[in-house]
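1. Following is a predicted model, sequence given first.
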Amino acid sequence: MDRQKKKPGALYYGLGAIILLTGCLVATAILIFGARGLPAAITEAYDLNRLTQIVVPGSADLALSRTGAYAVYYEHRSVIDGVEYVSGETPPPLDCALTMQATRKELPLVPDFVETNEYSTKDRRREGKLIMSTTVNEPGNYTFSCRHPDGSDQPKYVLAFGQNLFWELLRAIAGTAGSILGSLAIMFVAGFAAVAISIVVAIKRQNGS
(Lines give C-alpha, C1' and ligand atoms only; values in the text may rest on other atoms or scores of the structure.)
Protein backbone atom coordinates (compact mmCIF):
# COMPACT_ATOMS: atom_id res chain seq x y z
CA MET A 1 0.00 0.00 0.00
CA ASP A 2 2.87 2.39 0.86
CA ARG A 3 4.60 1.55 -2.39
CA GLN A 4 1.45 2.45 -4.33
CA LYS A 5 1.30 5.83 -2.59
CA LYS A 6 4.91 6.59 -3.41
CA LYS A 7 4.64 5.82 -7.11
CA PRO A 8 2.51 8.87 -8.10
CA GLY A 9 4.87 11.15 -6.17
CA ALA A 10 7.91 9.69 -7.90
CA LEU A 11 6.20 10.12 -11.27
CA TYR A 12 5.45 13.76 -10.55
CA TYR A 13 9.00 14.40 -9.39
CA GLY A 14 10.23 12.76 -12.57
CA LEU A 15 7.89 14.96 -14.61
CA GLY A 16 9.27 18.06 -12.89
CA ALA A 17 12.82 16.96 -13.62
CA ILE A 18 11.94 16.37 -17.29
CA ILE A 19 10.34 19.82 -17.58
CA LEU A 20 13.39 21.46 -16.02
CA LEU A 21 15.83 19.52 -18.19
CA THR A 22 13.85 20.21 -21.37
CA GLY A 23 13.62 23.91 -20.55
CA CYS A 24 17.39 24.10 -19.97
CA LEU A 25 18.12 22.29 -23.23
CA VAL A 26 15.77 24.52 -25.26
CA ALA A 27 17.14 27.67 -23.61
CA THR A 28 20.73 26.59 -24.29
CA ALA A 29 19.93 25.83 -27.93
CA ILE A 30 18.34 29.27 -28.41
CA LEU A 31 21.31 30.97 -26.72
CA ILE A 32 23.88 29.09 -28.82
CA PHE A 33 21.97 29.81 -32.04
CA GLY A 34 21.72 33.52 -31.21
CA ALA A 35 25.38 33.82 -30.19
CA ARG A 36 26.49 31.95 -33.32
CA GLY A 37 24.80 34.53 -35.53
CA LEU A 38 26.28 37.55 -33.71
CA PRO A 39 29.65 37.72 -35.55
CA ALA A 40 27.90 37.58 -38.94
CA ALA A 41 25.39 40.22 -37.81
CA ILE A 42 28.20 42.54 -36.68
CA THR A 43 30.07 42.01 -39.96
CA GLU A 44 26.91 42.83 -41.91
CA ALA A 45 26.29 45.92 -39.76
CA TYR A 46 29.75 47.25 -40.63
CA ASP A 47 29.63 46.31 -44.31
CA LEU A 48 30.90 49.49 -45.97
CA ASN A 49 29.59 48.30 -49.33
CA ARG A 50 26.13 49.23 -48.04
CA LEU A 51 27.19 52.89 -47.98
CA THR A 52 26.75 54.90 -51.18
CA GLN A 53 29.84 56.95 -52.02
CA ILE A 54 29.22 60.40 -53.51
CA VAL A 55 31.76 62.82 -54.95
CA VAL A 56 30.86 66.36 -53.91
CA PRO A 57 30.07 69.00 -54.93
CA GLY A 58 27.49 66.82 -56.62
CA SER A 59 24.41 64.70 -56.02
CA ALA A 60 23.19 61.11 -56.08
CA ASP A 61 19.82 59.36 -56.24
CA LEU A 62 19.22 56.93 -53.39
CA ALA A 63 16.63 54.16 -53.08
CA LEU A 64 16.07 53.84 -49.34
CA SER A 65 14.07 50.72 -48.59
CA ARG A 66 14.27 50.83 -44.80
CA THR A 67 13.19 53.38 -42.24
CA GLY A 68 15.35 54.38 -39.31
CA ALA A 69 18.64 56.10 -38.58
CA TYR A 70 20.86 57.12 -41.49
CA ALA A 71 24.19 58.91 -41.53
CA VAL A 72 26.54 60.91 -43.70
CA TYR A 73 30.23 60.06 -43.47
CA TYR A 74 33.15 62.16 -44.64
CA GLU A 75 35.75 59.91 -46.24
CA HIS A 76 39.08 61.71 -45.99
CA ARG A 77 40.66 58.74 -47.73
CA SER A 78 38.78 56.91 -50.46
CA VAL A 79 38.98 55.26 -53.88
CA ILE A 80 36.19 55.53 -56.46
CA ASP A 81 36.49 54.04 -59.97
CA GLY A 82 40.24 53.76 -59.53
CA VAL A 83 40.63 57.41 -58.52
CA GLU A 84 42.14 58.00 -55.09
CA TYR A 85 40.81 60.87 -52.99
CA VAL A 86 42.86 62.09 -50.03
CA SER A 87 42.00 65.15 -47.96
CA GLY A 88 42.40 66.51 -44.44
CA GLU A 89 40.85 64.60 -41.54
CA THR A 90 38.80 67.62 -40.46
CA PRO A 91 35.47 67.73 -42.36
CA PRO A 92 35.13 70.75 -44.67
CA PRO A 93 32.11 73.10 -44.51
CA LEU A 94 29.45 71.81 -46.91
CA ASP A 95 25.80 72.59 -47.53
CA CYS A 96 23.99 69.26 -47.91
CA ALA A 97 20.37 68.25 -48.42
CA LEU A 98 18.37 65.03 -48.51
CA THR A 99 15.12 65.38 -50.47
CA MET A 100 12.34 62.86 -51.05
CA GLN A 101 11.72 62.84 -54.80
CA ALA A 102 7.97 62.13 -54.65
CA THR A 103 7.07 64.96 -52.28
CA ARG A 104 10.11 67.28 -52.61
CA LYS A 105 10.20 67.20 -48.80
CA GLU A 106 13.64 67.94 -47.41
CA LEU A 107 14.75 65.88 -44.42
CA PRO A 108 16.87 67.61 -41.78
CA LEU A 109 20.54 66.63 -41.74
CA VAL A 110 21.75 67.19 -38.19
CA PRO A 111 25.48 67.95 -37.65
CA ASP A 112 26.84 64.99 -35.69
CA PHE A 113 30.61 65.13 -35.93
CA VAL A 114 32.39 62.96 -33.39
CA GLU A 115 36.05 62.48 -34.23
CA THR A 116 36.20 59.00 -32.72
CA ASN A 117 33.10 57.78 -34.56
CA GLU A 118 34.95 56.51 -37.61
CA TYR A 119 35.64 53.49 -39.77
CA SER A 120 38.57 52.20 -41.76
CA THR A 121 39.26 49.24 -44.04
CA LYS A 122 42.17 46.92 -43.26
CA ASP A 123 44.27 48.37 -46.07
CA ARG A 124 43.34 51.90 -44.89
CA ARG A 125 42.40 52.87 -48.44
CA ARG A 126 39.02 53.92 -47.13
CA GLU A 127 38.61 55.94 -43.95
CA GLY A 128 35.57 57.90 -42.90
CA LYS A 129 34.03 59.83 -40.03
CA LEU A 130 30.43 60.51 -39.10
CA ILE A 131 29.50 64.14 -39.78
CA MET A 132 25.67 64.19 -40.08
CA SER A 133 22.68 62.15 -38.99
CA THR A 134 19.08 61.91 -40.12
CA THR A 135 16.00 59.75 -39.69
CA VAL A 136 14.06 58.33 -42.63
CA ASN A 137 10.42 57.62 -41.77
CA GLU A 138 9.21 56.77 -45.28
CA PRO A 139 10.92 54.34 -47.67
CA GLY A 140 11.31 55.71 -51.18
CA ASN A 141 13.59 57.44 -53.65
CA TYR A 142 15.64 60.35 -52.37
CA THR A 143 18.22 62.76 -53.72
CA PHE A 144 21.29 63.58 -51.67
CA SER A 145 23.23 66.68 -52.73
CA CYS A 146 26.10 68.76 -51.38
CA ARG A 147 27.83 71.96 -52.44
CA HIS A 148 30.47 74.37 -51.19
CA PRO A 149 29.00 77.39 -49.37
CA ASP A 150 30.62 79.72 -51.94
CA GLY A 151 29.24 77.72 -54.86
CA SER A 152 32.65 76.65 -56.21
CA ASP A 153 33.18 73.22 -57.74
CA GLN A 154 36.59 72.58 -56.18
CA PRO A 155 38.02 70.90 -54.21
CA LYS A 156 36.34 67.52 -54.56
CA TYR A 157 35.51 65.41 -51.52
CA VAL A 158 33.98 61.99 -50.98
CA LEU A 159 30.97 61.48 -48.72
CA ALA A 160 29.25 58.19 -47.95
CA PHE A 161 25.54 57.92 -47.21
CA GLY A 162 23.82 54.96 -45.63
CA GLN A 163 22.35 53.47 -42.52
CA ASN A 164 24.01 54.59 -39.30
CA LEU A 165 26.71 52.02 -38.53
CA PHE A 166 26.43 52.57 -34.76
CA TRP A 167 22.70 51.90 -34.72
CA GLU A 168 23.17 48.90 -37.01
CA LEU A 169 25.63 47.51 -34.46
CA LEU A 170 23.11 48.04 -31.66
CA ARG A 171 20.48 46.29 -33.77
CA ALA A 172 22.80 43.29 -34.15
CA ILE A 173 23.54 43.18 -30.42
CA ALA A 174 19.83 43.58 -29.60
CA GLY A 175 19.09 40.44 -31.60
CA THR A 176 21.46 38.46 -29.38
CA ALA A 177 20.10 40.16 -26.27
CA GLY A 178 16.64 38.98 -27.31
CA SER A 179 17.93 35.41 -27.49
CA ILE A 180 19.49 35.73 -24.03
CA LEU A 181 16.29 37.13 -22.51
CA GLY A 182 14.24 34.43 -24.22
CA SER A 183 16.57 31.74 -22.85
CA LEU A 184 16.34 33.14 -19.34
CA ALA A 185 12.54 33.31 -19.59
CA ILE A 186 12.31 29.67 -20.68
CA MET A 187 14.63 28.55 -17.88
CA PHE A 188 12.63 30.58 -15.34
CA VAL A 189 9.30 29.09 -16.46
CA ALA A 190 10.71 25.56 -16.51
CA GLY A 191 12.28 26.00 -13.08
CA PHE A 192 9.08 27.52 -11.66
CA ALA A 193 7.01 24.62 -13.04
CA ALA A 194 9.41 22.02 -11.61
CA VAL A 195 9.42 23.67 -8.18
CA ALA A 196 5.63 24.05 -8.21
CA ILE A 197 5.17 20.36 -8.99
CA SER A 198 7.61 19.40 -6.22
CA ILE A 199 5.77 21.58 -3.68
CA VAL A 200 2.35 20.19 -4.64
CA VAL A 201 3.62 16.60 -4.35
CA ALA A 202 5.28 17.33 -1.00
CA ILE A 203 2.08 18.87 0.38
CA LYS A 204 -0.01 15.92 -0.78
CA ARG A 205 2.42 13.47 0.77
CA GLN A 206 2.36 15.40 4.04
CA ASN A 207 -1.44 15.32 4.04
CA GLY A 208 -1.32 11.61 3.29
CA SER A 209 -3.18 11.89 -0.01
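-> Thanks, I have it. Residues are numbered from 1 along each chain as shown.
2. any idea how far residue 129 lies from residue 118?
-> Going from residue 129 to residue 118 by Cβ to Cβ, to the nearest Å gives 4 Å. For glycine as for every other residue, the C-beta is placed from the backbone atoms N, C-alpha and C.
3. Who has more neighbours out of these two?
-> Between residue 129 and residue 118, residue 129 has the larger neighbour count (other Cβ atoms under 10 Å), namely 19 against 16.
4. Contact partners for the more buried one?
-> The contact partners of residue 129, taken as Cβ atoms under 8 Å, 6 or more residues apart in numbering, are 73-74, 76, 89, 91, 113-115, 117-118.
5. Now, those that are in strands?
-> The strands, defined by DSSP state E, take in 73-74, 76, 118 from the contacts of residue 129.
6. For the residues you listed, please prepare TSV with the additional fields distance to residue 11 and pLDDT.
-> What follows is these, written out as TSV (distance: Cβ to Cβ, whole Å; pLDDT from 0 to 100):
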residue	distance to residue 11	pLDDT
73	64	95
74	69	96
76	71	94
118	63	86
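7. Tell me the one of those residues nearest residue 140?
-> When the ones in strands among the contacts of residue 129 are ranked by distance to residue 140 (Cβ to Cβ), residue 73 comes first, at 21.7 Å.
8. what are the bridge partners for the closest one, then?
-> Applying DSSP bridges to residue 73 gives these bridge partners: residue 130, residue 160.
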